[in-house]
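Undergrad: Sequence plus the predicted model coming up.
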Amino acid sequence: MSLELGKAVEGGKPVKELHLNAYAKINLTLDVLGERSDGYHDIESVMHTIALHDSVTLREAGAGVEVLVHDGDVPNDHRNLVMRTAQLLRETFRVERSVQIELTKRIPVAAGLGGGSADAAITLLGLVQMWKLRLDGRELLGLGLKLGSDVPFFLEGGAAVVRGRGERLTLLPPLPTTWVVLARPQIPVSTTWAYKQLNLAAITVRPKTPAMITAIQREDVREAGRLVRNVFEDVMASAYPIVHDLKTGMLRGEAYGAGMSGTGPTVYGLMANEAAAQKVADDLRSRPDVDVFVTRTFAEVR
């Protein structure tokens, strides 16, 4: 579904139940350019969705908005982005219909993989269809930004350069299917903390975003791996050396490249093949303090 400004987004035929997937992302590059007057930061990042996903079921049931979560660590009240998404749409468009949202979590929480934003984006798109709403790209983008800076990207998925606070997207062709190992160390990290630790003036090596774009356009996964860079990685590795250890382990295991996603703490490796991915994953699973996943790059046609 395009976010081209002015394009109408319609719900289509009304439905009583929808089964949807919300895909995680990795940041192939992530740069912070400066702080904005509104308290947010201007970023430049190349993002790519991966096959690891949550499942979201929307059904017309109950009264108001009800959220059922199959994960004890995720709230089912106003703190949950899918709840806030449904409430925002109901208030904005004066919708009186009720919805029950069933959320099955597989994407680790607070991991730098965008799970909450992905859930919000697919819920937003699903409810537009379920409730037969009509809105243009600007309205959809605005609603997404109210929910979170990563939500506009997840409304598209695939590969894109994300700029500004997250509202400026330049779509890219997806990478050829590439195996990815994710290693999430069991350490507490918040985006707020990560930004407070980041000293923009002290950053000496920044991502080469134009070169990454060229590598993706040429379907050169090896070069894309070489160009992986995230300005938060040094901050996180200084506080938690395990981040550096995980990256080193992946690079020793035939990864084209490895780096941290988002503000962390998940480290990922772009692997040469499935066998290499499984071997690295098996090695990392020997650590009791790390959650390990094997997945691949993914681009859903919407």
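TA: Yes, it's here.
Undergrad: Contacts made by the helix or strand encompassing residue 84 with the rest, please.
TA: Under the criterion of DSSP states H and E, residue 84 resides in helix 81-93. Judged by CB atoms under 8 Å, 6 or more residues apart in numbering, the contacts made with helix 81-93 from elsewhere in the structure are 56, 65, 67, 76-78, 95-96, 99, 101, 103, 116-117, 119-120, 123-124, 127-128, 131, 133, 143, 146-148. For the C-beta atoms, the positions are set from N, CA and C on the backbone; glycine is no exception.
Undergrad: Domain map for the chain?
TA: 8-171, 173-296 (automatic domain parsing).
Undergrad: Dump these into TSV; add mean pLDDT as well.
TA: Listed next are those as TSV, based on pLDDT from 0 to 100:
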stretch	mean pLDDT
domain 8-171	92
domain 173-296	96
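Undergrad: Can you report how many residues lie near residue 109?
TA: 12 (other CB atoms under 10 Å).
Undergrad: ok, it touching residue 116?
TA: Yes: if you go by CB atoms under 8 Å, residue 109 and residue 116 touch, sitting 7.5 Å apart.
Undergrad: Can you measure across stretch 98-109, start residue to end residue?
TA: 27 Å (CA to CA, to the nearest Å).
Undergrad: go on, stretch 189-204?
TA: Using CA to CA, the span of stretch 189-204 from its first residue to its last is 23 Å.
Undergrad: what's the spacing between that stretch and its chain's center?
TA: Computed by CA atoms, centre = their mean, to the nearest Å, the chain-centroid distance of stretch 189-204 equals 19 Å.
Undergrad: Run through who's touching that stretch.
TA: Counting by CB under 8 Å, 6+ apart, 32, 34-35, 41, 110, 112, 231-232, 235-236, 239, 262-265 sit against stretch 189-204.
Undergrad: ok so, going back, out of the contacts of helix 81-93, list just those in strands.
TA: When DSSP state E defines the strands, the subset of those inside them is 56, 65, 67, 99, 101, 103.
Undergrad: which pair in those residues spans the largest distance?
TA: Checked with CB to CB, these reach their widest spread between 56 and 65, with 13.4 Å between them.
Undergrad: Overlap of the contact sets of those two?
TA: Applying CB under 8 Å, 6+ apart, one finds that residue 56 and residue 65 are jointly contacted by residue 101.
Undergrad: quick one, what contacts residue 215?
TA: The contact partners of residue 215, by CB under 8 Å, 6+ apart, come to 221, 223, 224, 227.
Undergrad: didn't the third one look like it was pressed against residue 259?
TA: No: assessed by CB under 8 Å, residue 224 is found out of contact with residue 259, at 10.9 Å.
Undergrad: Mutual contacts of those two, please.
TA: In terms of CB under 8 Å, 6+ apart, residue 224 and residue 259 are both contacted by the residues residue 28.
Undergrad: Now stretch 268-288: buried residues?
TA: For stretch 268-288, a neighbour-count test (16 or more other CB atoms under 10 Å) marks 268, 269, 270, 271, 272, 276, 277, 280, 281, 284, 287 as buried.
Undergrad: Could you pick out which of the residues you listed are located in strands?
TA: Counted as lying in strands by DSSP E, out of the buried residues of stretch 268-288, are 268, 269, 270, 271.
Undergrad: Reformat the residues you listed as CSV; add distance to residue 168.
TA: Formatted as CSV, the entries for those read as follows, by distance: CB to CB, whole Å:
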residue, distance to residue 168
268, 24
269, 29
270, 25
271, 31
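Undergrad: out of those, who's nearest residue 249?
TA: Nearest to residue 249 among those, counting by CB to CB, is residue 269 at 8.5 Å.
Undergrad: any chance of the ones in strands among the contacts of helix 81-93 in JSON lines, plus neighbour count and distance to residue 255?
TA: Output for the ones in strands among the contacts of helix 81-93, formatted as JSON lines (neighbours: other CB atoms under 10 Å; distance: CB to CB, whole Å):
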{"residue": "56", "neighbour count": "23", "distance to residue 255": "31"}
{"residue": "65", "neighbour count": "19", "distance to residue 255": "42"}
{"residue": "67", "neighbour count": "21", "distance to residue 255": "37"}
{"residue": "99", "neighbour count": "24", "distance to residue 255": "42"}
{"residue": "101", "neighbour count": "25", "distance to residue 255": "37"}
{"residue": "103", "neighbour count": "22", "distance to residue 255": "32"}
